[in-house]
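Enquirer: give the three-dimensional model of this entry:
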Amino acid sequence: MKMEFTIKHTWDGLPVSHEPATIWLKSDNVGLLMEVSAPLFNDPPAPLGEPGKPFSRLWDYEGYQQTQDFHTSVPFLECLPYD
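Expert: Sure, this is the predicted structure:
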């Protein structure tokens with residue numbers, strides 16, 4: 001199973017003035033695979049935290065955040081374009 005989402009509008013309904021961001025979600029034998037293709041804007045240097053580990057103040061960096069409401073909790077995932 002594979003799902004594709006394209007972000008063509010800003011939070012207030014206006015069309016984006018750049019290439020839209022596209023997110024693909026695909027089931028995998030170990031869980032869920034998420035791929036993101038999006039332009040970068042004035043990208044700051046990578047944070048000093050260890051890749052793949054929790055890091056405070058991610059809002060200071062350019063990235064992608066996915067929020068899901070599963071009725072009992074609100075898990076979210078933030079991704080940055082760094083290795």
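
Enquirer: would residue 35 count as being in a strand?
Expert: Yes. Assessed with DSSP: H, G, I helix; E, B strand; the rest coil, residue 35 lies in a strand.

Enquirer: give me the number of residues near the residue nearest to it when sequence neighbours are not counted?
Expert: Nearest non-adjacent residue to residue 35, counting by Cβ to Cβ, 6 or more residues apart in numbering: residue 24, 4.5 Å away. C-betas here are computed from N, CA, C, even on glycine. Around residue 24 there are 13 other residues, counting by other Cβ atoms under 10 Å.

Enquirer: please name every helix or strand in contact with the strand or helix carrying residue 24.
Expert: Residue 24 is part of strand 21-28, with elements assigned from DSSP states H and E. With contacts taken as 3 or more Cβ pairs under 8 Å, 6 or more residues apart in numbering; DSSP states H and E, strand 21-28 sits against strand 2-7, strand 31-37, strand 64-67.

Enquirer: I'd like those laid out as CSV, including distance to residue 49 and mean pLDDT.
Expert: Output for those, formatted as CSV (distance: least, Cβ to Cβ, whole Å; pLDDT from 0 to 100):
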stretch, distance to residue 49, mean pLDDT
strand 2-7, 26, 92
strand 31-37, 19, 83
strand 64-67, 16, 62
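
Enquirer: am I right that residue 4 is in contact with residue 23?
Expert: Yes. Counting by Cβ atoms under 8 Å, residue 4 touches residue 23, with 7.3 Å between them.
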